[in-house]
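Asks: sequence-free structure coming up:
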């Protein structure tokens, strides 16, 4: 009976429990059990403990008073316990669990509140609690008018704020208190107000606070830099500020800025600024965000100071790193002590040397610009000097370098505020026979010019002879350019095309106009080809021996020597193309304006096609001159058979063993001289006159022979009218070395040669009447066939023997 009573008691107890427990859902915790005891609800919250609440479960609105000790297991407890909280209350709703309380401003917050001039005894805070999470917020102060918390009389620095708040952040496994300030910062008396939002980490126990802020304003001419520089020379943006507060002393111990984009004279630098709240010293230090070309330096300093620089800064050298330093009265940035003034310093590479650049302005009157070079000076000089074409001078320079020890090399320029023009010299200090000596020369940062000046001075010192050879190549190239350009221009002379047109427009479109474009264009193509080849072969054997340390350096040096003269040739050729493009003689082929317009389009497209091909050849030759490695003197490769030097008769194979069939030019017996210009070539009976004797000429740029009378080299065999097809007469014309005067010899066996024009390799020199070799038979172009009327013997005048190649 006792057992039954006990079981009944247990059943009743369990049933009663189930009736007084309800499930609730709380954001951040999920489902929790609420045990009702009268008007109170007892709720166990995760591992944080069990707490009593009053209020409603539906809707969920519960409140409960707690003590600070009850919060021991709650995240953020280490922050809450040091705030001196009063009136702590739990508030639970579907949105989550909140803590509201008042923080005592007379306890741990006292020093901060004193600094911020907060006078209320408490400030309200709120904290949202979750599973392992803690979010705290609270307003320390808010004012419509900014509250000033720092003023440094010497620098005019002021810090004010118009709102302050408390928060908490989770860092390194624990929660720390944060303070946010919406501030107005005036870095100096010369600066505008800057709006900044500071976020601080606040250690309540150690009473230390340090934080940073993003800079929300653009800061122009900071610290009154426009007193020393031109206006708007320096602009800060995208920056942050750092602030450290000594809480026990209720003072700001450190104040500074980190500027991501600080523009000094239009160049970006990352910059650090330090302001001492104690003595008002201001100092800044900036590092360039990218490399700076040396030729940017004059532009920067002209913008900043209106300084004029000598033209000594080449664009192809850079500052690998650069720094800006500024301290209006002297100051400290980090561990760096700065003297009063402005400085731009940097380092870089100049050929084989390192250099250190140091520009300084004392903020009163003196400007100083120095560049110190360090490294293997002898190697630097020799790497430039060995390019001098004259071997004797090269050896003299080498001997001088062997006898001295260069100690210093530097550029030194200065200016005053009254004239703003930097002037100075390059200096080189060296030891000779244990005595320190110094040479100075015109300021320059051109490596070739520096070496030329140094070598001239050194050789003068040692009493050796010096002959100016550095510009020899350039002068030689100029003469070549002048001659080569005349070749191109000559091709434009005597271009005449006449035609009667009685056929339809379609044929003009498909034949007449394209033919016109070809005939006019080929003269330029031929002239350009010869001019460009002449320039290459005469110039490359000079400049090809000049090589820099790198392919890029070789290109730069060679281009500098010949670019100006090369451009003269190219401009001459381009002008000829322009003249051809503007030709409209063919318009008369058409009877209607619309047909003529279509003809112009066809003509223009055809000429452009030849222009493109010619330009590509020019570009190819230019690239070859700048990049090709020189090994030996280059000459053009000869087309066909090489003919030994000498004077020759040219005899038709058709004449056999007779004395007929010899090349001949008409002789004027009255004037006792040959009729040269315009006379058609014929064959005649052999005699010893100069009209039947010829020489074959070529030079380093020709791949073909030019055939001239042995007695007068001012004339040459020429394709009449620059023709290239069958029946084109061969005549004598003034020497111009153009394509119409170029031929090559093809040996077909037994000393028999075919003479082929450069302009049409399907043609050859042939007897007009191919059935005989009688005197008076003319010579013209004809399609080559293996017949005697198209073959010639070359008979040496001195030996009387036919030339037969081995």
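Replies: Perfect, thanks for sending it. Values in this document were obtained by computation on a predicted structure and should not be read as measured data.

Asks: now stretch 753-773: buried residues?
Replies: Under the neighbour-count criterion of 16 or more other C-beta atoms under 10 Å, stretch 753-773 has 753-760, 763-768, 773 buried. C-beta coordinates here come from the backbone N, C-alpha and C atoms, glycine included.

Asks: ends of it, what's the gap?
Replies: Distance between the boundary residues of stretch 753-773 (C-alpha to C-alpha, to the nearest Å) amounts to 16 Å.

Asks: got it, and stretch 678-686?
Replies: End-to-end distance for stretch 678-686, by C-alpha to C-alpha: 22 Å.

Asks: so for that stretch, mean pLDDT?
Replies: Stretch 678-686 shows a mean pLDDT of 89.

Asks: out of the buried residues of stretch 753-773, which are inside strands?
Replies: 753, 754, 755, 756, 757, 763, 764, 765, 766, 767 (DSSP state E).

Asks: helices and strands of the protein: which one has the lowest mean pLDDT?
Replies: One helix or strand of the chain scores below all others by mean pLDDT, DSSP states H and E: helix 2-19, with a mean of 42.

Asks: and the residue nearest the centre of the chain, how far from residue 713?
Replies: The centroid of the chain falls nearest to residue 316 when counting by C-alpha atoms, centre = their mean (9.3 Å). Residue 316 sits 48 Å away from residue 713, going by C-beta to C-beta, to the nearest Å.

Asks: what's the answer for residue 422, then?
Replies: In this view, residue 422 and residue 713 are 59 Å apart by C-beta to C-beta.

Asks: check residue 136 too.
Replies: 105 Å.

Asks: same question, residue 781
Replies: Using C-beta to C-beta, residue 781 is found at 24 Å from residue 713.

Asks: and residue 167, by the same measure?
Replies: As judged by C-beta to C-beta, residue 167 and residue 713 stand 100 Å apart.

Asks: between these two, which one's more packed in?
Replies: Neighbour count, other C-beta atoms under 10 Å: between residue 167 and residue 713, residue 167 has more, with 19 against 12.

Asks: now the residue nearest to the centre of the chain: closest residue in space that isn't a chain neighbour?
Replies: If the residues on either side of it in the chain are set aside, residue 316 comes closest to residue 556, at 7.1 Å by C-beta to C-beta, 6 or more residues apart in numbering.

Asks: that neighbour in helix, strand or coil?
Replies: helix (DSSP: H, G, I helix; E, B strand; the rest coil).

Asks: what about the residue nearest to residue 750 when sequence neighbours are not counted, how many residues close to it?
Replies: Distance criterion C-beta to C-beta, 6+ apart; nearest residue to residue 750, sequence neighbours excluded, is residue 804 at 7.0 Å. For residue 804, the neighbour count with other C-beta under 10 Å is 13.

Asks: low-scoring stretches of the stretch 151-300 of the chain, by residue?
Replies: Applying pLDDT under 70 to the stretch 151-300 of the chain picks out residues 169-175, 203-211, 215-216, 245-251, 253, 278-279.

Asks: now do the strands in it.
Replies: For the stretch 151-300 of the chain, strands defined by DSSP state E, counting those that start in this stretch occupy the ranges 157-171, 174-186, 194-203, 208-215, 219-220, 234-246, 251-264, 267-275, 282-288, 292-293.

Asks: quick one: strands adjacent to the last one?
Replies: Looking at strand 292-293 with DSSP bridges, its paired strands and their directions are strand 318-327 (antiparallel).

Asks: show me what counts as buried in the strand it pairs with.
Replies: Residues of strand 318-327 classed as buried: 318, 319, 322, 323, 324, 325, 326, 327 (neighbour count, 16+ other C-beta under 10 Å).

Asks: how about the second one: which residues does it bridge to?
Replies: Spelled out, it's residue 319. Beta bridges link residue 319 to residue 292, residue 348, judged by DSSP bridges.

Asks: with the last one instead?
Replies: Residue 327 has the following beta-bridge partners by DSSP bridges: residue 341.

Asks: OK, contacts around it?
Replies: 281, 282, 283, 284, 338, 339, 340, 341 (C-beta atoms under 8 Å, 6 or more residues apart in numbering).

Asks: redo that, cut-off 10 Å
Replies: Residues near residue 327 by C-beta atoms under 10 Å, 6 or more residues apart in numbering: 223, 274, 281-285, 333, 336-343, 363.

Asks: show the model's pLDDT score for it.
Replies: We note a pLDDT of 82 for residue 327 in this prediction.

Asks: got it, and the first one?
Replies: In this model, residue 318 is scored at 82, pLDDT.

Asks: how close does it sit to residue 347?
Replies: To residue 347, residue 318 is 10 Å away according to C-beta to C-beta.

Asks: now do the fifth one
Replies: Relative to residue 347, residue 324 is positioned 14 Å away (C-beta to C-beta).

Asks: one more: the fourth one?
Replies: Counting by C-beta to C-beta, the separation of residue 323 from residue 347 is 10 Å.

Asks: for the protein, which segments count as helices?
Replies: 2-19, 77-80, 110-115, 296-305, 377-385, 391-403, 447-461, 472-490, 505-507, 513-543, 551-581, 593-627 (DSSP state H).

Asks: in CSV: those helices, plus mean neighbour count.
Replies: Below are the helices of the chain laid out as CSV (neighbours: other C-beta atoms under 10 Å):
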stretch, mean neighbour count
helix 2-19, 9
helix 77-80, 20
helix 110-115, 18
helix 296-305, 19
helix 377-385, 20
helix 391-403, 15
helix 447-461, 19
helix 472-490, 18
helix 505-507, 13
helix 513-543, 21
helix 551-581, 17
helix 593-627, 15
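
Asks: need the pLDDT of residue 501.
Replies: pLDDT for residue 501: 48.

Asks: okay, now the unreliable bits of the stretch 451-600 of the chain?
Replies: Residues of the stretch 451-600 of the chain that meet the criterion pLDDT under 70 lie in 458-505, 548-549.

Asks: 90 instead?
Replies: Where the stretch 451-600 of the chain drops to pLDDT under 90, the residues are 451-562, 564-565, 569, 572, 576, 579-600.

Asks: if we can go back for a sec, now the helices of the chain as a markdown table including distance to residue 650?
Replies: Output for the helices of the chain, formatted as a markdown table (distance: least, C-beta to C-beta, whole Å):
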| stretch | distance to residue 650 |
| --- | --- |
| helix 2-19 | 133 |
| helix 77-80 | 113 |
| helix 110-115 | 112 |
| helix 296-305 | 67 |
| helix 377-385 | 53 |
| helix 391-403 | 44 |
| helix 447-461 | 52 |
| helix 472-490 | 26 |
| helix 505-507 | 41 |
| helix 513-543 | 24 |
| helix 551-581 | 34 |
| helix 593-627 | 33 |
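
Asks: indicate which one of the ones you listed is closest to residue 747.
Replies: helix 513-543 (24.8 Å; C-beta to C-beta).

Asks: centre of the chain to that closest one, how far?
Replies: The chain centroid and the centroid of helix 513-543 are separated by 33 Å under C-alpha atoms, centre = their mean, to the nearest Å.

Asks: what's it packed up against?
Replies: Where contact means 3 or more C-beta pairs under 10 Å, 6 or more residues apart in numbering; DSSP states H and E, helix 513-543 is packed against helix 472-490, helix 551-581, helix 593-627.

Asks: that one vs helix 551-581, what angle?
Replies: Helix 513-543 and helix 551-581 are oriented at 150 degrees to each other (axes from the mean of the first three to the mean of the last three C-alpha atoms, to 10 degrees).

Asks: give me the angle between helix 513-543 and helix 593-627.
Replies: Using the same axes, to 10 degrees: helix 513-543 against helix 593-627 is 10 degrees.

Asks: burial count for residue 67?
Replies: Residues near residue 67, counting by other C-beta under 10 Å: 9.

Asks: residues contacting the nearest residue to it once chain neighbours are set aside?
Replies: Of all residues not flanking residue 67 in the chain, residue 88 sits nearest, at 6.8 Å (C-beta to C-beta, 6+ apart). Applying C-beta under 10 Å, 6+ apart, we find residue 88 in contact with 64-68, 70-71, 80, 99-102, 125, 127.
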